[in-house]
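>>> Just the structure for this:
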Amino acid sequence: MAADCIYRAARCLREAEIAVSESDFAGAVRRSQEALELAVKAVLRSMAVEYPHEHDVGEALDIVQDRLPSSLRSEVTKLKELLTELSRVRGPAFYGYEREGIPASRAFSKEYAHRIYIEVKRLVQECSTFINSLSRSK
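A predicted model of the protein is given here:
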C-alpha cells in the first residue's frame with residue numbers, strides 16, 4: 001500500500017511539473033497538494049498508522065515522529081504546515097473562488113505555484129527515500 005501511494009505521489013508531482021511549465025498554476029497547486037498528501041500517507045501506512053481519511057493528515061505525523069529517520073524527522077514541522085496550507089487551497093485550486101468570481105486559472109500566482117511545487121518536490125523526495133529504504137531492507 002505504501003509503495004502504491006508513493007508511486008501515485010510521484011505521478012502527481014510529475015503532473016504538477018507539467019502544469020507549472022504550461023502556466024497552469026492552479027493545476028500545479030492542486031497536483032502538488034495531492035502529491036504531498038499521498039507521500040505522507042505512504043509514510044504513515046508504512047509505519048502501520050491508520051491516518052484520518054481527510055486531506056490534512058499532518059497531525060498523524062506526531063504519532064510516528066520519534067520513529068522517523070532524522071532526515072524526515074527534521075521536516076515534520078514543515079510537512080504539517082504545508083499539508084494544512086495546501087488542504088485549505090485544494091478546493092480553490094480546482095474551482096476557484098466562486099463567490100468572488102475568481103476562476104481557478106486566476107487564483108494563484110506563478111511565484112506561489114512554483115514555490116509550492118519546489119517545496120513539495122523536496123518533501124516528496126524525502127518521503128520516497130524513506131519508503132524505498134524500507135523495501136530495500138526486506
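>>> lowest-confidence helix or strand of this protein?
The helix or strand of the chain with the lowest confidence, counting by mean pLDDT, DSSP states H and E, is helix 61-64 at a mean of 84.
>>> From the contact counts, what lies against it?
When contacts are defined as 3 or more CB pairs under 8 Å, 6 or more residues apart in numbering; DSSP states H and E, helix 61-64 sits against helix 25-46, helix 76-95. Where you see a C-beta, it was placed from the backbone N, CA and C, and this is true even at glycine.
>>> just checking, what's the longest helix in this protein?
In the chain, assigned by DSSP state H, the helix with the most residues is helix 110-136.
>>> that's a helix at Phe108, yeah?
No: per DSSP: H, G, I helix; E, B strand; the rest coil, Phe108 lies outside any helix segment and is coil.
>>> Please name the nearest non-neighbouring residue to it.
For Phe108, ignoring the flanking residues on the chain, the nearest one in space by CB to CB, 6 or more residues apart in numbering is Phe25 at 4.3 Å.
>>> which ones are touching the one you found?
19, 105, 107-110, 112-113 (CB atoms under 8 Å, 6 or more residues apart in numbering).
>>> before we move on, what about Leu38?
So Leu38 contacts 5-6, 8-9, 12 (CB under 8 Å, 6+ apart).
>>> Just the buried ones from these, in PyMOL syntax?
Selecting only the buried entries of those in PyMOL, with 16 or more other CB atoms under 10 Å as the criterion:
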select buried, resi 5+6+8+9+12
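>>> Right, I'll leave it there.
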